[in-house]
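S.K.: Got a predicted model here, sequence first, then my questions.
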Amino acid sequence: MAAPRPPPFSGPVSMSEPRIRARDVSVIRCRSLTRAAYYACRDTVGAIVRHAPRSRLRRGEFYALEAIDLSLDAGEAIAVIGDNGAGKSTLLKTLAGMLPATTGSVERNGSVAAVIELGVGLNPLLSGRENVSLAALLRELPADIACAYLHDVEAFADLGEAFDVATGSYSSGMTARLAFAMAAMTRPDVLLVDEALSVGDLAFQRKCTRFIEEFLGAGGALVLASHNVLQVQSLCQRAILIDSGRAIFTGAAVEAVRQMIARSMPMVETNTAEETTIRLIGFGGDAGRLRTGAPARIKVEYTLDEDFRDVIWGFGLWTADNQQCVTTAQDLSPRSLAAGRGTLECEIERLPIAPGNYTLRLYITDRASGTAVALSGWGRASTPVTVDSPASIESNHQLDMRQMVVLDVNWQ
């Protein structure tokens with residue numbers, strides 16, 4: 001790859017000012033194309049006659065983005081995460097200036113390059129080389145800079161002979177190579193990337209990652225929209241979690257990923273209609289919380305109508321949907337329990353359960369026959385249990401993989 005040269009598309013840029021600042025940005029879209037065209041014509045005429053700010057949604061309209069605030073400094077990488085359709089691509093298009101904000105403002109300090117929709121801006125009838133040359137021509141680059149730009153894109157994309165083949169025949173991975181190279185080799189101040197790093201072979205993804213690390217180190221700024229949680233946490237310091245166009249969390253990338261994964265975890269449906277003669281009254285550590293790898297104590301209360309001799313008790317931890325048993329434990333030492341109310345306790349020195357939502361089942365049974373004396377959580381009612389751990393790349397990976405057990409491993 002050729003040595004970096006100053007960005008050809010912008011003048012001097014202040015390092016102290018934010019690269020991008022979005023204030024209260026909202027984007028309103030319409031579900032009907034016909035109605036959207038009608039609204040556009042009416043708004044155009046209205047803008048000529050008078051300028052009146054939008055105060056409410058009209059029929060068929062919805063917020064693709066609502067009241068988004070963002071500030072991106074030099075050398076900083078921010079991730080935009082959320083489910084499909086949450087508004088990630090819409091936000092990047094608005095930051096890039098490809099889509100106007102209905103309300104609010106976006107300020108850009110320096111040049112901006114975007115890789116948002118693969119293939120957009122590429123003429124499928126032209127080769128990769130011809131598309132790059134056309135892009136340089138449209139940007140009115142001087143001949144020497146245009147030649148250097150073409151050389152840099154060809155070297156970075158590394159398409160070989162395919163660089164001179166029509167892009168309409170490219171695979172998605174080849175298109176991603178060309179699109180990212182064309183954006184990156186403009187040497188922008190701000191790079192906006194939407195899922196492009198998740199396409200292509202491993203070697204090219206590593207090449208892009210190295211470029212971004214060098215780009216950020218040189219004072220560039222990055223906004224990355226991606227579903228790859230490991231990539232988000234390794235490249236970005238901060239993240240915005242978007243749901244239905246609204247930013248529901250803004251902060252550290254690992255914490256944003258934790259909240260996104262937790263939102264997709266199955267929740268326990270409780271039903272208190274089932275009356276039980278044994279119930280959980282305590283499960284946790286010193287702070288009453290369950291944490292992976294920490295000590296935990298289980299305390300249950302039972303109510304018996306008669307005396308029982310030679311009984312055992314135990315518990316089972318199940319997934320939140322009650323479909324899979326994670327682990328069980330029982331005290332096989334026989335004991336006698338008197339009629340009335342009492343408590344049973346046990347201690348777990350180290351809880352080996354990965355973070356997530358679970359259900360707890362309790363039982364007291366006759367040791368000889370296995371007949372149940374008291375049960376909880378085996379019918380319709382479920383006792384929800386949540387295991388937590390500090391947000392980190394490792395614990396977020398455990399959540400994302402729906403991992404249930406955490407091992408203590410001494411790596412040699």
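M.R.: Perfect, I can see it now.
S.K.: Sort out which residues of the lowest-mean-pLDDT helix or strand in the chain are buried, please.
M.R.: Taking mean pLDDT, DSSP states H and E as the measure, the chain has helix 33-49 as its least confident helix or strand, at a mean of 79. Within helix 33-49, the residues scored as buried using 16 or more other C-beta atoms under 10 Å are residue 39. In short, each C-beta sits where N, CA and C put it, glycine included.
S.K.: The helix or strand following it pairs with which strands, and in what direction?
M.R.: Using DSSP states H and E, the helix or strand that follows helix 33-49 in sequence is strand 61-72. Looking at strand 61-72 with DSSP bridges, its partner strands are strand 20-30 (antiparallel).
S.K.: Give me the mean pLDDT for the partner strand.
M.R.: On average, the pLDDT along strand 20-30 is 92.
S.K.: Report the distance from it to the chain centre.
M.R.: 20 Å (C-alpha atoms, centre = their mean, to the nearest Å).
S.K.: what ranges of the stretch 151-300 of the chain fall below the confidence cut-off?
M.R.: Residues of the stretch 151-300 of the chain meeting the criterion pLDDT under 70: 197-200, 266-276, 285-288.
S.K.: need the strands for it, in chain order.
M.R.: Taking DSSP state E, counting those that start in this stretch, the strands of the stretch 151-300 of the chain run over residues 190-194, 221-225, 238-243, 246-252, 278-284, 290-291, 296-304.
S.K.: With respect to residue 391, which of those strands lies nearest?
M.R.: Proximity to residue 391 (C-beta to C-beta) singles out strand 246-252 among the strands of the stretch 151-300 of the chain, at 7.4 Å.
S.K.: domain assignment for this protein?
M.R.: Using automatic domain parsing, the domains assigned to the chain come out as 20-264, 278-400.
S.K.: Figure out the length between the terminal residues of the first one.
M.R.: For domain 20-264, the separation between the terminal residues is 31 Å (C-alpha to C-alpha, to the nearest Å).
S.K.: rewinding a little: kindly compare burial across the domains of the chain and name the winner.
M.R.: domain 20-264 (a mean of 18; mean count of other C-beta atoms under 10 Å).
S.K.: how many neighbours does residue 17 have?
M.R.: Using other C-beta atoms under 10 Å, residue 17 has 12 neighbouring residues.
S.K.: Nearest spatial neighbour of it, chain-adjacent residues omitted?
M.R.: residue 109 (4.8 Å; C-beta to C-beta, 6 or more residues apart in numbering).
S.K.: before we move on, what about residue 264?
M.R.: In space, residue 264 is closest to residue 83, 8.0 Å off (C-beta to C-beta, 6+ apart).
S.K.: would you say the one you found is within a helix?
M.R.: No. According to DSSP: H, G, I helix; E, B strand; the rest coil, residue 83 belongs to no helix; its state is coil.
S.K.: Was I right to think it contacts residue 245?
M.R.: No. Judged on C-beta atoms under 8 Å, residue 83 makes no contact with residue 245 at a distance of 11.6 Å.
S.K.: In contact with the closest residue to residue 102 other than its chain neighbours, which residues?
M.R.: Nearest in space to residue 102, with sequence neighbours left out and distances taken as C-beta to C-beta, 6+ apart, is residue 28 at 4.4 Å. Counting by C-beta atoms under 8 Å, 6 or more residues apart in numbering, residue 28 touches 54, 57, 61-64, 102.
S.K.: Please produce CSV containing the residues you listed, extended by pLDDT and distance to residue 410.
M.R.: Below are the contacts of residue 28 laid out as CSV (pLDDT from 0 to 100; distance: C-beta to C-beta, whole Å):
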residue, pLDDT, distance to residue 410
54, 62, 61
57, 84, 59
61, 86, 59
62, 88, 54
63, 90, 52
64, 90, 50
102, 89, 57
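S.K.: State the pLDDT value of the spatially most central residue of the chain.
M.R.: In the chain, the centroid-proximal residue (C-alpha atoms, centre = their mean) is residue 81; its distance is 4.0 Å. pLDDT, residue 81: 94.
S.K.: Surely it touches residue 236?
M.R.: No. Counting by C-beta under 8 Å, residue 81 does not reach residue 236; the two are 9.2 Å apart.
S.K.: And the helices in the stretch 301-412 of the chain?
M.R.: Using DSSP state H, counting those that start in this stretch, the helices of the stretch 301-412 of the chain run over 393-400.
S.K.: in it, which segments are predicted with low confidence?
M.R.: Within the stretch 301-412 of the chain, the segments meeting pLDDT under 70 span 379-381.
S.K.: change it to 50
M.R.: For the stretch 301-412 of the chain, no stretch has pLDDT under 50.
S.K.: Spit out the contact partners of the nearest residue to residue 391 once chain neighbours are set aside.
M.R.: Sequence neighbours aside, residue 258 is the residue nearest to residue 391 in space, at 4.1 Å (criterion: C-beta to C-beta, 6+ apart). Shown in contact with residue 258 (C-beta under 8 Å, 6+ apart): 391, 395-396, 399.
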